[in-house]
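Here is the input, now give the coordinates:
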Amino acid sequence: MRVGLHALGIGSGADPLVIEAVARAADAAGFSTLWSGEHVVMVDRPDSPYPYAPDGRIAVPSDADWLDPMVALAFAAACTSRIRLATGILLLPQHNPLLVAKQAASLDVVSGGRFVLGVGIGWSSEEFAALGVPFRGRARRNREFVEVLRTLWHDDISSHDGESVHFHEVRSYPKPVRDRHIPIVLGGNSDAALDRVAEYGDGWYGFNLSADEIPGRMAALAARCRQAGRDQGTLEIAVSIRDGSPDDVARLADLGVTELVVVEAPPGDPAQAVSWVDALAGRWGV
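So this is what the prediction gives:
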């Protein structure tokens, strides 16, 4: 099973010297993927519950540096040659999908086809309000926006007439490196999120789950894939574990997980990055 690292873009991981040092070290150590998440704005006292922690609170301070993941991963791409680069996740319904298609294809090209686009519908109503984007209907927009991305990446001349997006006979270049395709991995741990994965995702990123939750989520995903007539074995399944240990790796592989994502904050001193990455690689059997 592959092991990825979710460490870039936030707090100490937003320092460009730390990004370069961690990215180079992770590439050399054999980590599979560098993941970077997104929030455009944060608020001090959100009313929206954070769905990835038992207490409903996000652990990242609202005044922490939080880089745009496309920018952070483009910087990491220039520092590496092998490791994949993934958004984990980008809040797609907040964006114009034509711009995302351009940014993602550009990042795929400059990285030599190493980009994976992880997307989700978002959870913070305050963030949507600040951006002037409706919170309601975001799941429907996510589905439509994914369709738009794939159309723009694949077709020489693209048209779309949907609920939220309309364009006729446009050209969007460059095209992604790998047969005009970028894998789209869907985030979210809920039943509705798994429905989306089975319906139109290339994979699933389950975030901050407990080891005891994962078998049930995997079984729920398998049932949805059967109902949708999809082979679960064709999906990329990445999970990060809350309070996990290397002893969980073999069990997760048996469940069908393809990548374990280690979520850690890097040291603030870039001189310590290599030893920090090497210690994680040794602990997790990279």
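
For Gly206, give me phi and psi.
Dihedral pair for Gly206: phi -90, psi 120, per degrees, to the nearest 10.

sorry, that was for Val185
Dihedral angles (degrees, to the nearest 10) for Val185: phi -100, psi 130.

Just list whatever residues bridge to it.
Gly118, Gly203 (DSSP bridges).

swap in Leu85?
Leu34, Phe115.

Could you report the pLDDT at it?
At Leu85, the pLDDT value in this model is 98.

Let me see the contact set for it.
Thr33, Leu34, Ser36, Leu73, Ala76, Ala77, Leu107, Ser111, Arg114, Phe115, Val116 (C-beta atoms under 8 Å, 6 or more residues apart in numbering). The way it works is simple: take the backbone N, C-alpha and C, and place the C-beta from them, glycine included.

Using PDB, write out every CA atom in the helix or strand harbouring Asn208.
Using DSSP states H and E, Asn208 sits within strand 203-210. In PDB, the C-alpha atoms belonging to strand 203-210 read as follows (Å, rounded to 0.1, in the frame of the first residue of the first chain):
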ATOM      1  CA  GLY A 203     -11.600   7.700  -6.000                       C
ATOM      2  CA  TRP A 204     -12.300   8.700  -2.400                       C
ATOM      3  CA  TYR A 205     -10.300  10.600   0.200                       C
ATOM      4  CA  GLY A 206     -11.500   9.700   3.700                       C
ATOM      5  CA  PHE A 207     -10.100  12.300   6.100                       C
ATOM      6  CA  ASN A 208      -9.300  12.000   9.900                       C
ATOM      7  CA  LEU A 209     -11.300   8.800  10.400                       C
ATOM      8  CA  SER A 210     -10.700   6.500  13.400                       C
END
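
So which residues make contact with that strand?
Contacts for strand 203-210 (C-beta under 8 Å, 6+ apart): 35, 52-53, 88-89, 118, 183-187, 189, 193-194, 197, 214, 217, 221, 235-243, 258, 261, 263.

Pull out the buried residues from it.
For strand 203-210, the neighbour count (16 or more other C-beta atoms under 10 Å) marks Gly203, Trp204, Tyr205, Gly206, Phe207, Asn208, Leu209 as buried.

what's the answer for stretch 49-60, then?
Buried residues in stretch 49-60 (16+ other C-beta under 10 Å): Tyr50, Tyr52, Ile58, Val60.

Just give me the closest of those to Asp247.
Proximity of the buried residues of stretch 49-60 to Asp247 (C-beta to C-beta) peaks at Tyr52, which lies at 22.6 Å.

tell me the contacts of the closest one?
Per C-beta under 8 Å, 6+ apart, neighbours of Tyr52: Ile58, Asn189, Phe207, Asn208.
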